[in-house]
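> Provided below for reference: sequence and predicted model.
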Amino acid sequence: MGRYNGKFKYASAAVSNERDPSTGFLVSPVESVNWCDGTHCQIDKQTPPKQYLGEDGHVEYYRYNVYLNDSRFRGKIAIGTRLLLLFEDGTTDEITVQSIDETRKYTELWG
């Protein structure tokens, strides 16, 4: 793992069971996201997006690898968690966690 080049905030995946009475389709309510503070991390951007072929033959595409190595971080990150990436140059991007690898000294998130 290299140096920290950003940090992140996170929010749980929003699940909505509300239906539009006129169409019957599930709708997402307009909501403000309550971001929780994350920690410093290393963010690697993949250009073009990388693809991962699952055991079931399903192909996933991801643009970012996020590496966490901060033992002080006590938050819970799961597949479907929304991340707000805050880069050291002041730019931001929002991703959804697609995969988690915790088998090393650090945690790697793909999204």
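Done, it's in.

> the protein: strands as residue ranges?
All strands of the chain, identified by DSSP state E, fall at 6-11, 18-19, 26-27, 36-53, 59-68, 82-87, 92-96, 99-101, 107-110.

> Provide the strand pairings for the fourth one, with the direction of each partner.
This means strand 36-53. strand 6-11 (antiparallel), strand 59-68 (antiparallel) (DSSP bridges).

> weakest of those in terms of mean pLDDT?
Note on the strands paired with strand 36-53: strand 59-68 shows the lowest mean pLDDT, a mean of 89.

> what's the angle from it to strand 92-96?
For strand 59-68 against strand 92-96, the angle by axes from the mean of the first three to the mean of the last three C-alpha atoms, to 10 degrees is 120 degrees.

> ok, and the closest non-adjacent residue to Leu109?
Excluding its sequence neighbours, the residue lying closest to Leu109 (C-beta to C-beta, 6 or more residues apart in numbering) is Val66, at 4.3 Å. (C-beta placed from N, C-alpha, C; glycine too.)

> likewise for Asp101?
Glu108 (4.3 Å).

> list the contacts of the one you found.
Counting by C-beta atoms under 8 Å, 6 or more residues apart in numbering, Glu108 makes contact with 65-68, 100-102.
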